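In: Pasted the sequence and its predicted model underneath.
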Amino acid sequence: MAKKKKKEKETTRQAYGITVLKASDKRVRQLKKNFTPFIHGNKFWNSSWCVMDFLSQQGLPSASRVLEIGCGWGLAGIYCAKNHGAEVRGMDADSAVFPYLNLHAEVNEVEIETWRCKFEKVKKKDLKGTNLIIGADICFWDEMVEPVYKLIKKAMKVGVGQVIIADPGRPPFHALSEKVIKKFGGEVKEWKIDEEVNAEAFLLIAGSLPDTLS
Ligand SMILES: C[S@@+](CC[C@H](N)C(=O)[O-])C[C@H]1O[C@@H](n2cnc3c(N)ncnc32)[C@H](O)[C@@H]1O
């Protein structure tokens, strides 16, 4: 009797118009042999879905310049490029995340600029001309609060329109939110999705974007 063929498992998932490769995908497994991210950039984190869902409801003016901080595999930025024609930079302290970002950019047929930098090293001139800053799961240690807050402060000073930071609700994220809202206004929204994907996160949203960019 012929052996039953093993059922092939799906190694990609599609949602919000983008493709995300699972850890079981052979291209990801190949990269894992050579690149080992060391500050938790070893996978795609769920809060990013909430950034995508929020932007799909709010909208993002076409050709917006977006900076994803602590981008890891960069999927939230890739969503902005793919669905809203945004010009995206992915910034991370750990260069080992960029091969995973580049692979996903290729799979999703978008171009994303990568930039190795730490939150604490970002200068005002680096942020000039940026319309939106996004960051998912990037404020998970107490010592991250101050550097991320200072980055947001610089962003607000140079006229970045909006900042969106997503997190499952860890204390450092709430401490950051409190500081940002006290100084610049904004709000924390509880965001839950149970449609295309199941995800929930808190979203710190400061500032706003116009309907179109001049
Ligand atoms: C939990 S991962 C989240 C990755 C991605 N945003 C996501 O949602 O899939 C945190 C990311 O922040 C980066 N990171 C940590 N500390 C950083 C710092 N001081 N400056 C810039 N990036 C940092 C890590 O390298 C990692 O890629």
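Out: Looks like it came in fine.
In: Quick check: the gap between Pro168 and the ligand.
Out: Going from Pro168 to the ligand by Cβ to the nearest ligand atom, to the nearest Å gives 10 Å. Glycine gets a C-beta too; all of them are placed from N, C-alpha and C.
In: Which residue, neighbours along the chain excluded, lies closest to that residue?
Out: Ala201 (5.7 Å; Cβ to Cβ, 6 or more residues apart in numbering).
In: Pull the number of nearby residues for Leu31.
Out: 17 (other Cβ atoms under 10 Å).
In: and it, what is it in contact with?
Out: The contact partners of Leu31, taken as Cβ atoms under 8 Å, 6 or more residues apart in numbering, are 99-100, 103.
In: how does it look with 10 Å?
Out: Shown in contact with Leu31 (Cβ atoms under 10 Å, 6 or more residues apart in numbering): 21, 25, 96, 99-100, 102-103.
In: Just want the most central residue of the protein.
Out: Central residue of the chain (Cα atoms, centre = their mean): Ala76, 4.0 Å from the mean position.
In: what about that residue, distance to the ligand?
Out: According to Cβ to the nearest ligand atom, Ala76 stands 7 Å off from the ligand.
In: likewise Asp126?
Out: Distance of Asp126 to the ligand, computed by Cβ to the nearest ligand atom: 12 Å.
In: Do I have it right that that residue meets Arg65?
Out: No: if you go by Cβ atoms under 10 Å, Asp126 and Arg65 don't touch, sitting 11.8 Å apart.
In: where do the contact lists of these two overlap?
Out: Arg89.
In: how about low-confidence regions in the chain?
Out: 1-8, 214 (pLDDT under 70).
In: which bits of it sit near the ligand?
Out: 37, 39-41, 44-45, 47-48, 70-73, 92-94, 97, 118-119, 136-138, 147 (Cβ under 6 Å from any ligand atom).
In: Mind giving me the PyMOL select for those, buried ones only?
Out: Buried members of those can be picked out in PyMOL with the line below, counting by 16 or more other Cβ atoms under 10 Å:
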select buried, resi 37+39+41+44+45+47+48+70+71+72+73+92+93+94+97+119+136+137+138+147
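In: Alright, that wraps it up for me.
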